[in-house]
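Asker: sharing a sequence plus its predicted fold:
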Amino acid sequence: MSTHSARLTALREQLSRQRLDGFVVPLTDEHMSEYVGAYAQRLAWLTGFQGSAGTAAVLPAQAAIFTDGRYTLQVREQVDGGDWQFVGVPETSVAQWLGDHAAQGARIGYDPWLHTRQWVDEASAALAKIGATLVPVDANPVDAIWPDRPAPSAATLSVHDDALAGRSSADKRGVIADWLATEKADAVVLAALDSIAWLLNVRGADVARTPVALAYTIVNADGTADLFVAPEKMSDAVRQHLGNAVRVHDRAAFAPALGAFAGKRIAVDPSLSVAAIPLAIEAGGGTVLPLRDPVVIPKACKNPAEIAGHQAASLRDGAALTRFLRWIASEGPKGGQTELSAAAKLRQFREETGVLKDLSFDTISATGPHGAIPHYHVTDESNAPILAGQLYLIDSGGQYADGTTDLTRVVPIGAPTPEMRDRYTRVLKGHIALATAVFPHGTTGQQLDALARLPLWQAGLDFAHGTGHGVGSYLSVHEGPARIAKPSYGGGGPQEPLRAGMILSNEPGYYKAGDYGIRIENLLLVVEREISGGETPMLAFETLTLAPIDRDLIDATLLDAAELAWLNAYHARVAEALGAALADDDRAWLLARCQPITH
């Protein structure tokens with residue numbers, strides 16, 4: 001029996017001891033985070049799945065793992081199909097599957113600190129149809145059978161300088177206080193880690209690749225706040241920075257504090273807070289107001305200091321990536337390089353900037369068939385050699401104190417095939433169409449998504465992931481609330497209107513299973529755009545990312561005059577901006593790669 005099969009058996013035995021007929025294991029933590037600390041990686045420990053989004057449901061004789069289109073191939077490589085049924089979402093939800101497969105009268109367990117209230121309501125309704133019930137557990141059964149489960153991080157908080165933040169924490173809390181007055185609320189509970197970090201101008205190191213700290217915050221109507229965090233994570237510098245208006249409590253005191261709001265009206269974001277929070281407030285006699293986290297929009301709409309910081313980060317990160325692109329173009333065809341060695345080399349170039357804090361996510365270093373897995377994660381076991389005739393895809397980013405980056409480039413190792421060039425150019429056409437979009441206020445990411453797909457659709461092709469996600473300011477590389485995507489990719493995000501100051505990715509792709517993958521990703525800033533003679537306020541995108549787009553993969557005959565003009569103007573800007581940041585050989589290579597392309 002394999003290790004993961006044994007763990008599944010042990011979980012079923014533990015469920016029996018807890019008088020449960022099933023259990024749901026999501027990939028999240030008590031803050032509904034996308035990326036979680038090692039202590040919360042229950043799904044990976046149980047199943048072997050290494051993706052960043054998924055859920056498992058375990059019944060006595062059946063088990064299923066739920067993933068979206070990004071992980072269709074990956075989940076089958078990493079998880080034993082003899083133990084687990086592979087289910088695609090959103091085509092089938094966890095609640096629907098439980099309603100179809102749980103036994104009549106079954107007791108299905110869930111951890112109320114790992115699911116939203118909406119999910120609880122949906123799953124309860126689906127189970128009620130078969131006389132089954134959803135049962136909250138006091139102790140997570142996965143934790144009971146995980147003998148070497150890591151402890152939560154003890155890393156200390158750090159101060160995020162007001163000059164980089166662009167606004168003081170006191171100013172931000174004052175805005176929240178005004179919002180509470182408008183909503184006639186006494187306080188708001190903030191559970192999202194990036195909301196807390198942004199509001200208090202602090203950062204942490206509790207979650208790999210995301211500079212946040214495990215904490216909760218309650219902001220009161222008078223603008224004061226209560227921060228709940230492990231005492232060992234505080235320093236004198238952070239205490240001084242927070243001041244007397246932010247009271248610090250042990251993280252363990254958070255749950256009891258929720259029960260002390262009798263007669264009070266407390267705002268809680270239903271999508272960013274776990275079910276345990278509103279349930280505890282209501283149990284203590286408080287009234288829960290299901291309102292969106294008031295930090296979400298101001299955090300997403302970057303102020304001038306945050307925009308300037310991101311521009312500086314993009315410049316240095318683009319220079320590091322350009323050095324890497326020159327290196328892989330030279331060394332890749334020689335042989336001897338692997339996905340891991342290439343990822344390490346890119347990290348080295350970023351570290352040589354002297355200011356890299358961390359990567360912004362685990363680098364997707366994928367050659368050949370692995371490139372066809374959109375969110376492939378290279379491991380010692382999967383590490384493949386980079387071979388001639390393949391396409392090599394690198395999707396990576398850095399965390400710097402002034403900005404968070406994310407970009408993707410594809411490099412042919414040797415001569416690309418005509419099909420590769422056709423597919424790459426269609427992806428580029430979609431990328432340009434989105435980058436040059438002009439649209440009225442109120443436009444959503446869903447409305448723009450088709451622009452990036454049309455050149456692929458015209459050839460009977462598509463890609464199974466969203467086109468763009470929000471990016472934070474030295475925070476999460478995947479930031480809400482806006483996304484550029486079909487309705488089926490990303491829940492409510494695609495319906496969120498885009499606003500000036502938002503930073504989003506532009507990353508259409510194409511994936512040929514078993515052969516290669518293509519994705520071209522830059523980050524875009526939403527800006528106001530005046531149209532001469534126009535009658536409606538308009539928005540547009542400004543491309544932030546600075547790095548050459550591979551010219552050897554471009555079939556210029558497929559580009560119209562406007563597309564070619566955009567590409568040449570972009571490369572001229574890249575050459576000018578990065579040229580001064582690169583040494584002689586790297587600069588010469590960049591200038592050659594950025595020469596104008598003609599039909």
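Answerer: That came through fine.
Asker: which parts of the helix or strand harbouring residue 342 are buried?
Answerer: Using DSSP states H and E, residue 342 maps to helix 339-351. By 16 or more other Cβ atoms under 10 Å, the buried positions in helix 339-351 come out as 339-340, 342-343, 345-347, 349-350. Bear in mind the C-beta positions are built from the backbone N, C-alpha and C, glycine included.
Asker: just how off-centre is that helix within its chain?
Answerer: Put simply, helix 339-351 sits 21 Å off its chain's centre (Cα atoms, centre = their mean, to the nearest Å).
Asker: center of the protein, which residue is that?
Answerer: residue 478 (2.9 Å; Cα atoms, centre = their mean).
Asker: which residue is the nearest non-sequential neighbour of that one?
Answerer: Distances taken as Cβ to Cβ, 6 or more residues apart in numbering place residue 469 nearest to residue 478, at 5.0 Å, with adjacent residues excluded.
Asker: packing partners of the worst-scoring helix or strand of the chain on mean pLDDT?
Answerer: When the helices and strands of the chain are compared on mean pLDDT, DSSP states H and E, helix 72-78 comes out lowest with a mean of 89. Contact here means 3 or more Cβ pairs under 8 Å, 6 or more residues apart in numbering; DSSP states H and E; on that basis helix 72-78 packs against strand 63-67, strand 85-88.
Asker: pLDDT averaged over the longest one, what's the number?
Answerer: The reference is to strand 63-67. The average pLDDT within strand 63-67 is 97.
Asker: partner strands of it, with direction?
Answerer: Partners of strand 63-67 in the sheet, by DSSP bridges, are strand 55-58 (antiparallel), strand 85-88 (parallel).
Asker: any idea how far it is from the middle of the chain?
Answerer: 21 Å.
Asker: then stretch 336-353?
Answerer: For stretch 336-353, the distance to the chain centre is 22 Å (Cα atoms, centre = their mean).
Asker: what comes into contact with that stretch?
Answerer: 316-317, 319-321, 323-324, 327-328, 331-332, 356, 359, 363, 365-367, 370, 378, 380, 382-386, 392, 394, 396, 398, 400 (Cβ atoms under 8 Å, 6 or more residues apart in numbering).
Asker: please flag which of those residues sit within strands.
Answerer: Of the positions in the contacts of stretch 336-353, 359, 365-367, 392, 394, 396, 398, 400 sit in strands, assigned by DSSP state E.
Asker: just name the closest of these to residue 224, please.
Answerer: residue 400 (31.5 Å; Cβ to Cβ).
Asker: wait, the closest one touches residue 473, no?
Answerer: No - with contact defined as Cβ atoms under 8 Å, residue 400 does not count as touching residue 473 (10.3 Å).
Asker: neighbour count winner among these two?
Answerer: Of the pair residue 400 and residue 473, residue 473 is the one with more neighbours under other Cβ atoms under 10 Å, namely 27 against 24.
Asker: buried sites along stretch 584-599?
Answerer: 586-587, 589-591, 593-594.
Asker: I'd like the average pLDDT over stretch 126-133.
Answerer: On average, stretch 126-133 scores 96.
Asker: please save the CA atoms from it in PDB.
Answerer: Presented in PDB, the C-alpha positions along stretch 126-133 are these (Å, rounded to 0.1, in the frame of the first residue of the first chain):
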ATOM      1  CA  ALA A 126     -27.600  19.100  -0.900                       C
ATOM      2  CA  LEU A 127     -27.300  16.600   2.000                       C
ATOM      3  CA  ALA A 128     -30.700  17.400   3.400                       C
ATOM      4  CA  LYS A 129     -32.200  16.000   0.200                       C
ATOM      5  CA  ILE A 130     -31.000  12.600   1.100                       C
ATOM      6  CA  GLY A 131     -31.600  12.900   4.800                       C
ATOM      7  CA  ALA A 132     -27.900  13.400   5.500                       C
ATOM      8  CA  THR A 133     -26.400  16.100   7.700                       C
END
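Asker: chain center to it, what's the gap?
Answerer: The mean C-alpha position of stretch 126-133 is separated from the chain mean by 33 Å, Cα atoms, centre = their mean.
Asker: show me the contacts for residue 356.
Answerer: Counted by Cβ under 8 Å, 6+ apart, residue 356 has contacts 350, 398-400.
Asker: and for residue 431?
Answerer: Applying Cβ under 8 Å, 6+ apart, we find residue 431 in contact with 452, 506-508, 520, 522.
Asker: with residue 203 instead?
Answerer: 157-160, 197, 211-213, 474.
Asker: does residue 216 count as helix, strand or coil?
Answerer: The three-state label for residue 216, taken from DSSP: H, G, I helix; E, B strand; the rest coil, comes out as strand.
Asker: residue 266 too?
Answerer: Residue 266 - assigned by three-state DSSP - is strand.
Asker: please tell me I have it right and it contacts residue 186.
Answerer: Yes - with contact defined as Cβ under 8 Å, residue 266 counts as touching residue 186 (6.4 Å).
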